[in-house]
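[1] give me the fold of what follows.
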Amino acid sequence: MNNRSLRILLICVITQFAFFQAHIAIASSDNDTPGSVTNQQMIYTDEDCSVMEWDANSGKSHLIYKRDDCPQKLFIQSGGNTAFLVYGETLIVLDLTDPALKTTIIALPSPKLPKDVAMNSEQVGFVQYTKNGRLAVEITSVDSFDSDHDFLFEHVNNEWILSDAVICGRFSSCTAVGGKDKSNTMNIDAGFSTYSSGRPYKSSTALYNLPDSHNPYLISITKKNEVEYEGDDGQTWIAHFNFGRSTSALKFIIIDGPDSDLPFLFGISIITSDGNEVTLTHDQCDASLLGRYLIVNGYQNMHTALIDLATGKALLTNLGWALWRQ
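    As a prediction, the model looks like this:
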């Protein structure tokens, strides 16, 4: 091979390599160059009461559990290895690490109110494993005086043991009632009674925790325009995101809650790269952001939906429960 042929060959190789690198750069830009979020899976219930898992990498969902009736509650153990489904007086425990999805069925405990107290309603506040490996359940009973009776049970040797109990009056503080097991070794991540208000997104992915979320696409957060809602102070937050070949801004209102509660979220909209503002809800809501995907629960005015923050488009709608598996 002469020198001229060798130079032509080298030029072709360099050109092909440069084209390959450029192609990789464009592909990377399409796939969120600022950072990456692994293991983006969402557990949710659909209109047919099916329990599904959605995967961000494939964009597809698959069935993980099915009954004729819909679950009243869905909980995900911290770490994402276990899902808990509440069907009436039955608790379903799903091992998400098992390819066969091992299922355990347990009857829920039945709290006992004082004989002179009538119960108006009862609900499961939270379910999860403690650090000592015990299954723990909080059940809240509301009496005829609108007071909450919170019971914390642990599942030990195939039976439920009352670990703690408190009574919280509607206009008064909580009073400890006590229980059979007063050990301080439970270490429940959520803390006793934190889920009894029914707000499921009390985690690092909640929007009020966005500054500390380490979201790789988040550029900046601006807090402005102090607002007031029913006597409570709040702010308008605008969070800016960069997704490589596109950007967007997420606008919402944070209202300070009572001293013992978390902030409340109102009015969410997304401003896309072309300046178009997509309003998700004007009213009170809950939302949980993981990477570029947002779960929004608009309470009475909208069903739970999964939103792509980069485009403002809904990927899944008319969901029941929806929680990140993490």
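[2] look at the spatially closest residue to residue 326 that is not a sequence neighbour and tell me its secondary structure.
    In space, residue 326 comes closest to residue 80 once its chain neighbours are excluded; the distance is 4.8 Å by CB to CB, 6 or more residues apart in numbering. In this view, the C-beta of every residue, glycine as well, is placed from N, C-alpha and C. Three-state assignment for residue 80 (DSSP: H, G, I helix; E, B strand; the rest coil): coil.
[3] next, find the distance separating residue 80 from residue 157.
    Shown here: residue 80 relative to residue 157, a distance of 27 Å by CB to CB, to the nearest Å.
[4] where does the residue nearest to residue 326 land on pLDDT?
    On pLDDT, residue 80 comes in at 86.
[5] hmm, residue 95 and it touching each other?
    No. If you go by CB atoms under 8 Å, residue 80 and residue 95 don't touch, sitting 11.5 Å apart.
[6] just the strands in the stretch 51-200 of the chain please.
    51-55, 60-65, 73-76, 82-87, 90-95, 103-107, 119-129, 135-143, 148-156, 159-168, 174-176 (DSSP state E, counting those that start in this stretch).
[7] what number of residues lie near residue 268?
    For residue 268, the count of nearby residues is 22 (other CB atoms under 10 Å).
[8] what of residue 164?
    That count, for residue 164 with other CB under 10 Å as the rule, works out to 23.
[9] wait, it sits on residue 152?
    Yes. Between residue 164 and residue 152 a contact is recorded at 4.2 Å, counting by CB under 8 Å.
[10] got the domain ranges for the protein?
    Domain segmentation of the chain under automatic domain parsing yields 51-176, 207-324.
[11] for these, which one sits closest to residue 40?
    domain 51-176 (3.5 Å; CB to CB).
[12] can you tell me which strand in the chain is longest?
    When the chain is parsed with DSSP state E, its longest strand is strand 277-290.
[13] so what does the helix or strand just after that strand touch, helix or strand wise?
    Counting by DSSP states H and E, the next helix or strand C-terminal to strand 277-290 is strand 293-297. Other elements packing on strand 293-297 under the criterion 3 or more CB pairs under 8 Å, 6 or more residues apart in numbering; DSSP states H and E are strand 277-290, strand 304-308, strand 322-324.
[14] try 10 Å this time
    If you count contacts as 3 or more CB pairs under 10 Å, 6 or more residues apart in numbering; DSSP states H and E, strand 293-297 packs onto strand 41-45, strand 264-271, strand 277-290, strand 304-308, strand 314-319, strand 322-324.
[15] could I get those strands as TSV with mean pLDDT?
    Shown next, in TSV, are the helices and strands packed on strand 293-297 (pLDDT from 0 to 100):
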stretch	mean pLDDT
strand 41-45	93
strand 264-271	91
strand 277-290	89
strand 304-308	94
strand 314-319	93
strand 322-324	90
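[16] so residue 208 belongs to a helix, correct?
    Yes. Under three-state DSSP, residue 208 falls within a helix.
[17] count the neighbours of the closest residue in space to it that isn't next to it in sequence for me.
    Take residue 208 and drop its neighbours on the chain: the residue closest to it by CB to CB, 6+ apart is residue 263, 4.6 Å away. Neighbours of residue 263 under the rule other CB under 10 Å: 17.
[18] let me see the contact set for the residue nearest to residue 111 when sequence neighbours are not counted.
    Distance criterion CB to CB, 6+ apart; nearest residue to residue 111, sequence neighbours excluded, is residue 151 at 4.2 Å. Residues in contact with residue 151 (CB atoms under 10 Å, 6 or more residues apart in numbering) are 109-113, 122, 125, 137-141, 160, 162-166, 177, 179, 193.
[19] swap in 6 Å and give it another go.
    111, 139, 165 (CB atoms under 6 Å, 6 or more residues apart in numbering).
[20] repeat that for residue 88.
    Residue 88 neighbours (CB under 6 Å, 6+ apart): none.
[21] where's it relative to residue 139, distance?
    From residue 88 to residue 139 the distance is 13 Å (CB to CB).
[22] returning to what we had before: show me which of the contacts of residue 151 is closest to residue 245.
    For those, the nearest to residue 245 is residue 139 (49.1 Å; CB to CB).
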